[in-house]
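quick one: sequence and predicted model below, then my questions.
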Amino acid sequence: DNDRRDLDMNSKDVDAEKMTRFIRMNELRLVTEYNPVTAIGVMQSSLQLHLLLITDKMSPKHPERMRGYRAAAELFKGKILFILIDSNLKSNERIVSFFKLKKSQLPALAIFHSPDEEQDVLTLDEVSVERIQDFCNRFLQ
């Protein structure tokens, strides 16, 4: 994301717990692209709620979609792990089928709670911060 975060170490109230929380919240990018290299980090993340944007990275709308997705990721930082799934990759077909989606239904958001495997899916034509925020808040409730 090319975004740097700093913890104010001059503050007297910085303790091990606050430092650990800062590191946990910033150990992954705002949006992590799912691939064989990042898969292990995603699966071992301390965040148990994952929001997947399943989309075609080659689409002319992709940069616009990612702007909205990253902005929403900032709102849920430390609560939900935002993951990008490229629907063009053959290796991601199993993920798309796991959420019972067809290519014609993409782009879509899929939210997944890993401990109990609870999930929800939202097909969308536009990836906006408001739609993502509403979707996540409904699931969290």
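Yep, that arrived.

just give me the longest helix of the chain.
Longest helix in the chain, counting residues (DSSP state H): helix 62-75.

strands paired with the helix or strand that that one is followed by, and their directions?
Sequence-wise, the next helix or strand downstream of helix 62-75 (DSSP states H and E) is strand 81-86. As defined by DSSP bridges, the strand partners of strand 81-86 come to strand 31-33 (parallel), strand 49-55 (parallel).

could you tell me the least trusted of these?
When the strands paired with strand 81-86 are compared by mean pLDDT, strand 31-33 comes last with a mean of 90.

ok, residues contacting that strand?
Strand 31-33 is contacted from outside by 1, 38, 41-42, 53, 66, 69-70, 73, 81-84, 86, using C-beta atoms under 8 Å, 6 or more residues apart in numbering. All C-beta spots, glycine's among them, are computed from the backbone N, C-alpha and C.

now do stretch 134-141
So stretch 134-141 is contacted by Leu49, Leu51, Ala72, Phe76, Lys79, Ile80, Leu109, Ile111, His113, Asp120, Leu122 (C-beta under 8 Å, 6+ apart).

buried set for the longest helix of the chain?
His62, Arg65, Met66, Gly68, Tyr69, Arg70, Ala72, Ala73 (16 or more other C-beta atoms under 10 Å).

ok, now which ones touch the residue nearest to the fifth one when sequence neighbours are not counted?
Once its chain neighbours are removed from consideration, Tyr69 has its nearest residue in Leu53; the separation is 5.2 Å (C-beta to C-beta, 6 or more residues apart in numbering). Going by C-beta under 8 Å, 6+ apart, Leu53 touches Val31, Arg65, Tyr69, Phe82, Ile83, Leu84, Ile85, Pro107, Ala108, Leu109, Val127.
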